[in-house]
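[1] please find the sequence and the predicted model below.
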There are 4 protein chains.
Amino acid sequence: MPRPSVEAQRREQILRAACEVLSDQGLHEFRLADVARRAGVSSGTIHYYFDGKRAVLSAAFEHNYRLSISRRRELTAEGGRPMAALRELVEAFLPRRAEALTAWRVWAELWAEAMRDEQFQAINETLYGQWRRLVTDLIAQAQADGSARAGDPAALANMLVAMIDGLAVQVLAGSREMTADRMRRTVLQFLDGCVAA
Amino acid sequence: MPRPSVEAQRREQILRAACEVLSDQGLHEFRLADVARRAGVSSGTIHYYFDGKRAVLSAAFEHNYRLSISRRRELTAEGGRPMAALRELVEAFLPRRAEALTAWRVWAELWAEAMRDEQFQAINETLYGQWRRLVTDLIAQAQADGSARAGDPAALANMLVAMIDGLAVQVLAGSREMTADRMRRTVLQFLDGCVAA
Amino acid sequence: MPRPSVEAQRREQILRAACEVLSDQGLHEFRLADVARRAGVSSGTIHYYFDGKRAVLSAAFEHNYRLSISRRRELTAEGGRPMAALRELVEAFLPRRAEALTAWRVWAELWAEAMRDEQFQAINETLYGQWRRLVTDLIAQAQADGSARAGDPAALANMLVAMIDGLAVQVLAGSREMTADRMRRTVLQFLDGCVAA
Amino acid sequence: MPRPSVEAQRREQILRAACEVLSDQGLHEFRLADVARRAGVSSGTIHYYFDGKRAVLSAAFEHNYRLSISRRRELTAEGGRPMAALRELVEAFLPRRAEALTAWRVWAELWAEAMRDEQFQAINETLYGQWRRLVTDLIAQAQADGSARAGDPAALANMLVAMIDGLAVQVLAGSREMTADRMRRTVLQFLDGCVAA
DNA sequence: CATGAATGAGCTTTCATTCAT
DNA sequence: CATGAATGAAAGCTCATTCAT
């Protein structure tokens, strides 16, 4: 009798390890052997649950996105005060704590690779789209309750998320001119100066 | 009779090929054999001019940056009309023509890799810094001649360049929601709504 | 309540599947996983009934031989007309119908492998010997009833069975110069010209 | 300056080793690592000269055939006495000396594999065809000079070569009932009884 | 009896690097 | 200066085998 949960458990265990390896070593030095070691399973087990390196990568990219988005959604679930939620969102995405750092590094790898890979493009399109919509909705709500000024909420959301991405990349690249703190101030300045009422 | 320029020529030839391979295949599938083939030299020659794969990569990243910045500098060299120059800069960076696409793809690889490599971080710090300063100066000039509103020019520059990076990454990742055209409108909207006087 | 026949059934089921896999894929690509799938059992079950891959192979080779010989024996059981029985035997061995093709392919694998494996040699020695004797007896009977000319029946049998093997191998190797039809004519020509009275 | 002969030398060196490994271990346990060791080169070198395992196999099968046929052709080159040449041919093919044993074992592997592989079938068709023609010509010459009786020389050749193959396979499979000596007597008996005038 | 999850040794293959020429 | 033959470490992947259930 196979225990029905074991497959989900193993996959989750492997994908978590894969994201860590991806974050620590980059796609460039992403080895299934390292994933196996970190997940505490044999290399055979990885091939038992996934069709190969590429399949692990794909699933890891998706896993990384889903995890972040579900966390953010909790943050914005409650009805009240959308401008405050936006500001909290910004804080949550600052590349400061290990958790956020890992997520950002995995995204950067996904983006770099998606430029030539349709499968990865599809993952990004779907999940980045969810993130974009989440922000768009918050801005629209803020406009509705008068805490944000008028303007196309989708355009404003695109400005905001792109700015966050661009700044985070520089922070993660170890820029001394662009620290997490400076990133925070820059984005909040944008929110205050260009979005808030 | 050693021809003194042959070394510079060969290096240039190899680096151009390296950028093309990097753009076409990504760091992940970056093979010196491919660089050699594209440069029309033997693999031995690459090792004769560079200390190894990593050295070729470093030099290629730097080459890619220098090329772009020198091109942009020409664009902004003349004295007059800094706001117009900013708008032209935005156009020039749109990931549309092959030349710009190649440059963006190489940057994306550099950023992803710089997250774990101090040497690459140093390259990025220096050369991204030049680009940041170029934009900051333009904004300051625009404020000086009254075509841009008041505000910390460095902060505005950071918003702008980060936004451009973030949007370009999505365009390059093949997003159907974020095309080069949409990117253009979004950035210009930001310039009109948050920077211009 | 142990069902006493279940073991024999399972073994038979597995061996039939093994012969099919052997015929379809060759020893070279003979995988227990494929045998299991084709037999409709788990890989664990195969190891429950056999001591490992080699044991399955051995048993499959033997199974293939026994099946063929028992079929041929039926063909030659009745008393009368040994020369006619020889001709029928030839027809029955032509690599034409799926059943005969499978048997031939398994033999070819056995022979190739038996060159280095004493266990397989023993199987071949015993069972090929039965086949040789069956043919020798028929020839001897034909000589006794005057339908075959004189001569050492064992030598004639060796000529005949070797010729059949050698021709079948070329037919199975897809030769356009040696088809099943040509094989038939060649062997019958030998029977008429060198064996029959 | 690449020495022009080095490629041919290396390929020959590797193919000879490949035939030995094939003969000693069979296709089933044919490892490129063993070929490399036996040829005294690295595994990398094998991949430098051949496109992979399959390519080595193909070339080895062909090499084995060409070697045997060119040796036999020398045997039959001189004009006189075709029946004697046929008898010598039989002697030369007896699986006795190491050289002949190796060739036979490699053929057996080729035949087994050719049953499912068109590329191997093509090799067999071409080179076995040459062998068949060589024998056919000898028989026709023997008929012309009156040392062989009438009859379709192609059919007689097919009988003869198939018989040789079938007998050799049993000898190689270690049969105690069919030794090299018995094989010799059997084939000569066929030549005397069915071919010679 | 039978399962299938899990293992890990062992294989082919790739590719940066070296060095004799 | 430049080549390319040769290397060998390291990687992904396969599959016979084991064993808790």
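    Yes, it's here.
[2] after the helix or strand of chain A at the bottom of the mean pLDDT ranking, next one along is what?
    Within chain A, no helix or strand scores below helix A:53-77, which has a mean of 88 by mean pLDDT, DSSP states H and E. The element immediately downstream of helix A:53-77 (helix or strand, assigned by DSSP states H and E) is helix A:82-93.
[3] please list all residues in contact with A:Thr186.
    A:163, A:167, B:155, B:158-159, B:162 (CB atoms under 8 Å, 6 or more residues apart in numbering or on different chains). Bear in mind the C-beta positions are built from the backbone N, C-alpha and C, glycine included.
[4] now do 10 Å
    Going by CB atoms under 10 Å, 6 or more residues apart in numbering or on different chains, A:Thr186 touches A:90, A:163-164, A:167, A:178, B:152, B:154-159, B:162.
[5] rewinding a little: and the least confident helix or strand of chain A, anywhere near DNA strand E?
    No. Residues of helix A:53-77 contacting DNA strand E under CB under 7 Å from any atom of the strand: none, with a closest distance of 12.8 Å.
[6] get me the contact residues on chain A for DNA strand F.
    For chain A, the contact set with DNA strand F under CB under 7 Å from any atom of the strand comprises A:1, A:30-33, A:43-44, A:47-48, A:52-54.
[7] is chain B contacted by the longest helix seen in chain A?
    Assignment by DSSP state H gives helix A:118-144 as the longest helix of chain A. Yes. Helix A:118-144 lies within reach of chain B by CB under 10 Å from any CB of the partner chain, at A:118, A:120-125, A:128-129, A:132-133.
[8] just the buried ones out of these, please.
    A:120-121, A:123-125, A:128, A:132 (16 or more other CB atoms under 10 Å in any protein chain shown).
[9] now do the helix or strand following the longest helix of chain A against helix A:82-93, angle only.
    Next along the chain after helix A:118-144, taking DSSP H and E as the criterion, comes helix A:153-172. Computed by axes from the mean of the first three to the mean of the last three CA atoms, to 10 degrees, the angle separating helix A:153-172 from helix A:82-93 equals 30 degrees.
[10] just put the contacts of A:Thr186 in CSV and tack on distance to A:Leu15.
    Output for the contacts of A:Thr186, formatted as CSV (distance: CB to CB, whole Å):
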residue, distance to A:Leu15
A:Val90, 27
A:Met163, 29
A:Ile164, 25
A:Leu167, 28
A:Met178, 31
B:Asp152, 42
B:Ala154, 40
B:Ala155, 38
B:Leu156, 40
B:Ala157, 39
B:Asn158, 34
B:Met159, 35
B:Ala162, 30
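[11] which secondary structure state is assigned to A:Arg176?
    For A:Arg176, the assignment made with DSSP: H, G, I helix; E, B strand; the rest coil gives coil.
[12] show me the contacts for the closest residue to DNA strand E within chain A.
    As assessed by CB to the nearest atom of the strand, DNA strand E sits closest to A:Gly44 within chain A, at 2.1 Å. Counting by CB under 10 Å, 6+ apart, A:Gly44 touches A:Ala36.
[13] list the residues that contact the closest residue to A:Arg71 other than its chain neighbours.
    The shortest distance from A:Arg71 to any non-neighbouring residue, by CB to CB, 6 or more residues apart in numbering or on different chains, is to A:Ala92 (7.5 Å). By CB under 10 Å, 6+ apart, the contact list for A:Ala92 reads A:68, A:71-72, A:75-76, A:99-100.
[14] please apply the same query to A:Leu110.
    Residues near A:Leu110 by CB under 10 Å, 6+ apart: A:22, A:27, A:57-58, A:60-62, A:64-65, A:117, A:120-121, A:123-124, A:127-128, B:112, B:173.
[15] hang on, the earlier thing: next, the angle helix B:153-172 makes with the longest helix of chain A.
    Orientation of helix A:118-144 against helix B:153-172 (the same axes, to 10 degrees) gives an angle of 130 degrees.
[16] so which elements touch helix A:118-144?
    Helices and strands touching helix A:118-144, by 3 or more CB pairs under 10 Å, 6 or more residues apart in numbering or on different chains; DSSP states H and E, are helix A:53-77, helix A:82-93, helix A:98-114, helix A:153-172, helix B:153-172.
[17] reformat these as TSV; add distance to D:Gly80.
    Putting the helices and strands packed on helix A:118-144 into TSV (distance: least, CB to CB, whole Å) gives the following:
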stretch	distance to D:Gly80
helix A:53-77	67
helix A:82-93	95
helix A:98-114	74
helix A:153-172	87
helix B:153-172	80
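[18] quick one: the residue of chain A closest to DNA strand E from B:Ser147, how far?
    Relative to B:Ser147, A:Gly44 is positioned 65 Å away (CB to CB, to the nearest Å).
[19] now A:Ala17
    From A:Ala17 to B:Ser147 the distance is 54 Å (CB to CB).
[20] looking at those two, which is more packed in?
    Using other CB atoms under 10 Å in any protein chain shown, the more surrounded residue of A:Ala17 and B:Ser147 is A:Ala17, with 21 against 17.
[21] hmm, back to that, show me which of the contacts of A:Ala92 are buried.
    In these, the ones that pass as buried (16+ other CB under 10 Å) are A:68, A:72, A:76, A:100.
[22] farthest pair in these?
    Largest separation among the buried ones among the contacts of A:Ala92 by CB to CB: A:Thr76 and A:Ala100, giving 16.3 Å.
[23] buried stuff in stretch A:148-159?
    Within stretch A:148-159, the residues scored as buried using 16+ other CB under 10 Å are A:148, A:153-159.
[24] which two from these end up farthest apart in space?
    Largest separation among the buried residues of stretch A:148-159 by CB to CB: A:Ala148 and A:Asn158, giving 14.9 Å.
[25] quick one: is stretch A:22-37 near DNA strand E?
    No. Counting by CB under 7 Å from any atom of the strand, DNA strand E has no neighbours in stretch A:22-37; the shortest distance is 7.7 Å.
[26] what residues sit buried inside that stretch?
    So for stretch A:22-37, counting by 16+ other CB under 10 Å, buried means A:22-23, A:26-28, A:30, A:32, A:34-36.
[27] chain center to that stretch: distance?
    When distances are taken as CA atoms, centre = their mean, to the nearest Å, stretch A:22-37 is centred 18 Å away from the chain's centroid.
[28] ditto for stretch A:9-26
    For stretch A:9-26, the separation from the chain centroid amounts to 15 Å (computed by CA atoms, centre = their mean).
[29] is any residue of that stretch near chain B?
    Yes. Interface with chain B: stretch A:9-26 contributes A:23-26 (CB under 10 Å from any CB).
[30] dump that stretch to PDB, restricted to CA.
    Presented in PDB, the C-alpha positions along stretch A:9-26 are these (Å, rounded to 0.1, in the frame of the first residue of the first chain):
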ATOM      1  CA  GLN A   9       6.100  15.100   0.400                       C
ATOM      2  CA  ARG A  10       9.100  14.000  -1.600                       C
ATOM      3  CA  ARG A  11       8.500  16.400  -4.400                       C
ATOM      4  CA  GLU A  12       8.200  19.300  -2.000                       C
ATOM      5  CA  GLN A  13      11.300  18.200  -0.200                       C
ATOM      6  CA  ILE A  14      13.200  18.100  -3.500                       C
ATOM      7  CA  LEU A  15      11.900  21.400  -4.800                       C
ATOM      8  CA  ARG A  16      12.800  23.200  -1.700                       C
ATOM      9  CA  ALA A  17      16.300  21.800  -2.000                       C
ATOM     10  CA  ALA A  18      16.400  22.700  -5.600                       C
ATOM     11  CA  CYS A  19      15.500  26.400  -4.900                       C
ATOM     12  CA  GLU A  20      18.200  26.500  -2.300                       C
ATOM     13  CA  VAL A  21      20.800  25.100  -4.700                       C
ATOM     14  CA  LEU A  22      19.600  27.500  -7.400                       C
ATOM     15  CA  SER A  23      19.900  30.400  -5.000                       C
ATOM     16  CA  ASP A  24      23.300  29.400  -3.700                       C
ATOM     17  CA  GLN A  25      25.000  28.300  -6.900                       C
ATOM     18  CA  GLY A  26      23.000  29.600  -9.800                       C
END
